[in-house]
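Chemist: sequence first, then the predicted structure, then my questions.
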Amino acid sequence: VFASMLYPMPATIGAVLTLYLIESGANVGVGRTLDRACMEVSDLKGHRRITGHKARAKGKPIIVDLPDTSPAVKAMDWLLSANSRLKVNAQTNDHNLFLMRIGGRVQLMTSHWYTNWFKKFVASAPGLQSVKLLPNMIRPSVLLQAALANDGRLATGMAIGQHGVATTQGYQQKWPTRLLYDENIRRFHNAFETLV
């Protein structure tokens, strides 16, 4: 029991990763494999630059600037100090931020563990017990929300997602943004008909 108190609880580590994913809009794989040196002072005043790498894109850097006051930045700072003992006890020279004790080993959080933890976490939230949410739904939700907050424009999602137009359209051209586009076209037709 005492030994488990020396290390952050796995659920806490899952919560820190979830905060990062919600605030950054990054892929789960990028967030889960952040290294301990991922944070630095940003060019933007009062912000922290967090750099991850997307393995499926040949190690492409995924960069996000979050305010110093952001819950994700505060949680990641805390985790860096709290899991320093895990780093010392890791069996390999592991530089990952999301190290955790799984069984008797200290290792990188596995995607399987995180998905299972996330499902249990969502099921414990009042009103969400019957909703089948998965961690890979966070990124599309963040990008869609960015599009909806900007009248359906793709540019914001392109900046957050750090990808091209085609991929951005796949994330953002869902029913809510299509309704916005339909409304814009309807307004244009009405105005054009009135003008004619």
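Modeler: Received the coordinates, thanks. Numbering: from 1, shown residues only.

Chemist: neighbours around the nearest residue to residue 35 once chain neighbours are set aside, how many?
Modeler: Excluding the flanking residues, the one nearest residue 35 by Cβ to Cβ, 6 or more residues apart in numbering is residue 95, at 4.6 Å. Yep, even glycine has a C-beta here, placed from its N, CA and C like the rest. Counted by other Cβ atoms under 10 Å, the residues lying close to residue 95 total 14.

Chemist: number the residues from 286 up from this point.
Modeler: Will do, 286 is the new start, and the previous item becomes residue 380.

Chemist: who are the contact partners of residue 380?
Modeler: Applying Cβ atoms under 8 Å, 6 or more residues apart in numbering, one finds that residue 380 lies in contact with 320-322.

Chemist: and which of these is nearest residue 435?
Modeler: Set against residue 435, the nearest of the contacts of residue 380 by Cβ to Cβ is residue 320 (31.9 Å).

Chemist: from residue 402, how far out is the closest one?
Modeler: 21 Å (Cβ to Cβ, to the nearest Å).

Chemist: look at the two and report which has more neighbours.
Modeler: Between residue 320 and residue 402, residue 402 has the larger neighbour count (other Cβ under 10 Å), namely 19 against 14.

Chemist: wait, is the more buried one part of a strand?
Modeler: No - counting by DSSP: H, G, I helix; E, B strand; the rest coil, residue 402 is not part of a strand but helix.

Chemist: helix, strand or coil for the nearest residue to it once chain neighbours are set aside?
Modeler: Counting by Cβ to Cβ, 6+ apart, residue 402 lies nearest to residue 299, which is 4.3 Å off, once chain neighbours are set aside. Put simply, residue 299 is helix when judged by three-state DSSP.

Chemist: what residue is smack in the middle of the protein?
Modeler: Note on the chain: the residue nearest the mean C-alpha position is residue 306, at 1.4 Å, using Cα atoms, centre = their mean.

Chemist: what comes up buried for the helix or strand containing that one?
Modeler: Using DSSP states H and E, residue 306 maps to helix 295-309. The neighbour-count criterion (16 or more other Cβ atoms under 10 Å) identifies 295, 297-309 as the buried residues of helix 295-309.
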